[in-house]
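Enquirer: Provide a 3D model corresponding to the input given below.
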Amino acid sequence: QVTLVESGGGLVQAGGSLRLSCVKSGRTLSEFGMGWFRQAPGKEREFVTGISFGGASTYYIDSVKGRFTISRDNTKNTVYLQMDDLKPEDTAVYYCASRRYGGSYYKIDDPMDYWGKGTLVTVSA
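Expert: The predicted structure is shown next:
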């Protein structure tokens, strides 16, 4: 059984940092492109950042460029999202998702193979 489990969320003040982790079990991570999505209260889920299955390509939406960094460690079957200079508008439940042989950019309605259950990030002003 394949699972994705996110961790690392929490409450942080504006300007602070968090590092989210997404551990994949059941299938080797190296075959999968990975994306981080988020859903803020009362809003639709949006794509935030992605990394291709080979790791050579990354993509960030404009609002997080220069503040967020996605990375992967295939030896640990883990994808990370380093979030710096957090802002209240980053408050959301953050989800990781995978797509076999996927790239770094995903539209919200793209079919993903697996989704995690999410981790809550709350940024106070």
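Enquirer: the helices in the protein, which residues?
Expert: Taking DSSP state H, the chain contains no helices at all.
Enquirer: Next up, the contacts around the spatially most central residue of the chain.
Expert: Residue closest to the average C-alpha location in the chain (C-alpha atoms, centre = their mean): Trp36, at 2.4 Å. Trp36 makes contacts with 20, 22, 47-50, 70, 79, 81, 94-97, as judged by C-beta atoms under 8 Å, 6 or more residues apart in numbering. No exception for glycine: its C-beta is placed from N, CA and C like everyone else's.
Enquirer: Bridged to it, which residues?
Expert: Thr49, Cys96 (DSSP bridges).
Enquirer: Distance check, it against Pro88.
Expert: Distance from Trp36 to Pro88, counting by C-beta to C-beta, to the nearest Å: 19 Å.
Enquirer: coming back round to it: how much space separates the residue nearest to the centre of the chain from Gly55?
Expert: Per C-beta to C-beta, Trp36 is found 15 Å from Gly55.
Enquirer: quick one: low-confidence parts of this structure?
Expert: The model of the chain has no residue with pLDDT under 70.
Enquirer: quick one: the strands in this structure?
Expert: 3-7, 10-13, 18-25, 32-39, 46-51, 58-60, 68-73, 78-83, 92-100, 114-115, 119-124 (DSSP state E).
Enquirer: Just tell me which of the ones you listed ends up closest to Lys107.
Expert: Among those, the nearest to Lys107 by C-beta to C-beta is strand 46-51 (6.8 Å).
Enquirer: What is that closest one packed up against?
Expert: Applying 3 or more C-beta pairs under 8 Å, 6 or more residues apart in numbering; DSSP states H and E, we find strand 46-51 packed against strand 32-39, strand 58-60, strand 68-73, strand 78-83.
Enquirer: most tightly surrounded among these?
Expert: Highest mean neighbour count among those (mean count of other C-beta atoms under 10 Å): strand 32-39, with a mean of 24.
Enquirer: mind listing what the closest residue to Asp110 other than its chain neighbours touches?
Expert: Excluding its sequence neighbours, the residue lying closest to Asp110 (C-beta to C-beta, 6 or more residues apart in numbering) is Arg99, at 7.2 Å. The contact partners of Arg99, taken as C-beta under 8 Å, 6+ apart, are Phe32, Gly33, Met34, Gly35, Tyr106, Asp110, Pro111, Met112, Asp113.
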